[in-house]
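Asker: Build me a structure from this.
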Amino acid sequence: MTATSPTATQPRTVVIYRLGSLGDTLVALPCFHAIERATPGARRVVLTNFPVSAKAAPLEGILGGSGLIDQALAYPVGTRSLKALWTLRKQLRTLGADTLYYLTPARGMAAVWRDILYFKLCGFKHIVGAPSTPALQTWQVVNAQGELEPECARLARSLCADGSVPRIDLHDRSLWDLRLSPTELANADRITSHLDGVPRLVINMGGKVAEKDWGEGNWMALLNGLAHAHPNLGLLVVGAQEDSERARRVTGQWPGPVVDACGRLSPRESAAAMRRASLFIGHDSGPMHLAASVGVPCVGLFGGYNRPVVWHPFGQGHRVIHRMSGVQDIGVNEVLTQALQALADLAETPTAQASRG
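Answerer: Predicted structure coming up:
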């Protein structure tokens, strides 16, 4: 089948290559906005991973309905099947797109050049953002203390390297806009109506990776300390359905209103529900990045799973405790101190809370 060409009634198509989970998608959010601005009127097809037995990609859970993408196409991650790669090549050529935006995390020079060769064979004349040099493969050191740039900055730097996409200002809040719909906002408000009129705290305790689990006992002790200091706070728990049983146990003694939203909200609805929160507390996860995207200050708990700063929530007002020896080595009092200070800071700047409501 031959590739088609755009006509007066058929918009130009571009392809965006982005693999990963919810959190991976969220750190790339400014790049998706930048691509939209660079391709006005274009149809944007994202090439991404689909979990086994899933009808939708994790990326669609974040960007679906935002207008930033129009379609998701499955990429066979890790395949060695020439048949699968040939089938994908035919699908990509059928789109008639000549430009591919490469947003996948750096995986080494051999991998990126293999990707470039494959996508050239798929008919793409322009591949924008591929980290094809050592400088684009690695995170830059940004200060004398050796601190690294966040992954969202490395992605933006790679995407803009050849000048075809204008420089991205990561501090521009409009680039973090999920464009939540009225329906998503209404569904979130309905699920969390028990918290109406009450300042609320959000926690996320779940996670697919055991190394990121802070432990049920620690969460109970933390909430006990927070309840003593702020007994009138509402509590919202977000996560997957399998996190609900732990949420019930951990929040059983909370004195204020509690909403267990685990498994009851889509990722975008979770962001909508969190937008009214005073503070988010949780481990390195998609929900943490969702909270940051809607402007909620975060207390993030990080262990040795990732390098410091690279995957921290982006923006002002976040507090991160990163223990490379493991998240289990983070003390309850450390987290409690940071959470109480964050709540105190917010009380001194009530306009920040009002702007999210």
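Asker: Which parts of this structure are helices?
Answerer: 22-27, 29-38, 58-63, 82-95, 109-121, 134-137, 151-159, 182-191, 216-229, 244-250, 267-274, 286-293, 332-348, 350-356 (DSSP state H).
Asker: weakest of those helices by average pLDDT?
Answerer: Lowest mean pLDDT of the helices of the chain: helix 350-356, a mean of 52.
Asker: contacting residues for the residue lying closest to Ala38 once chain neighbours are set aside?
Answerer: In space, and not counting its chain neighbours, Ala38 is closest to Val165: 4.9 Å by C-beta to C-beta, 6 or more residues apart in numbering. C-beta: built from backbone N, CA, C; applies to glycine. By C-beta atoms under 8 Å, 6 or more residues apart in numbering, the contact set of Val165 is 34-35, 38, 101, 128-129, 159.
Asker: Please report the distance of Val165 from Thr99.
Answerer: For Val165, the distance to Thr99 equals 11 Å [C-beta to C-beta, to the nearest Å].
Asker: what's the overlap in contacts for these two?
Answerer: Val128.
Asker: Give me the contact list for stretch 23-30.
Answerer: Outside stretch 23-30, the residues touching it (C-beta under 8 Å, 6+ apart) are 18, 20, 58-59, 62-63, 103, 105, 150-152, 155-156, 168, 170, 172, 175-176, 178, 284-286, 288-290, 292-293, 311, 314.
Asker: Quick one, which of those are buried?
Answerer: 18, 20, 58-59, 62-63, 103, 150-152, 155-156, 168, 170, 175-176, 178, 284-286, 288-290, 292-293, 311, 314 (16 or more other C-beta atoms under 10 Å).
Asker: Provide a list of residues in contact with the nearest residue to Ala339 once chain neighbours are set aside.
Answerer: Among residues not flanking Ala339 along the chain, Val299 sits closest, at 5.2 Å (C-beta to C-beta, 6+ apart). Val299 makes contact with 279-282, 318-321, 335, 338-339, 342, according to C-beta under 8 Å, 6+ apart.
Asker: and of the residues you listed, the nearest to Ala135?
Answerer: Val320 (25.9 Å; C-beta to C-beta).
Asker: and the nearest residue to the closest one once chain neighbours are set aside, how far is that from Gly282?
Answerer: Distances taken as C-beta to C-beta, 6+ apart put Gly300 closest to Val320, at 4.5 Å, once the chain neighbours are dropped. Using C-beta to C-beta, we find Gly300 at a distance of 7 Å from Gly282.
Asker: Which neighbours do these two have in common?
Answerer: The contact lists of Gly300 and Gly282 share Met288, where a contact means C-beta under 8 Å, 6+ apart.
Asker: Can you dump the C-alpha atoms of stretch 261-271 in PDB for me?
Answerer: Taking Å, rounded to 0.1, in the frame of the first residue of the first chain, the C-alpha atoms of stretch 261-271 are listed here in PDB:
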ATOM      1  CA  ALA A 261     -10.900   7.100  45.500                       C
ATOM      2  CA  CYS A 262      -8.600   4.100  44.700                       C
ATOM      3  CA  GLY A 263      -9.800   2.500  41.500                       C
ATOM      4  CA  ARG A 264     -12.800   4.900  41.200                       C
ATOM      5  CA  LEU A 265     -11.200   7.600  39.100                       C
ATOM      6  CA  SER A 266      -9.400   7.600  35.800                       C
ATOM      7  CA  PRO A 267      -5.900   9.200  35.900                       C
ATOM      8  CA  ARG A 268      -7.300  12.500  34.500                       C
ATOM      9  CA  GLU A 269     -10.200  12.500  37.000                       C
ATOM     10  CA  SER A 270      -7.600  11.900  39.700                       C
ATOM     11  CA  ALA A 271      -5.800  15.000  38.600                       C
END
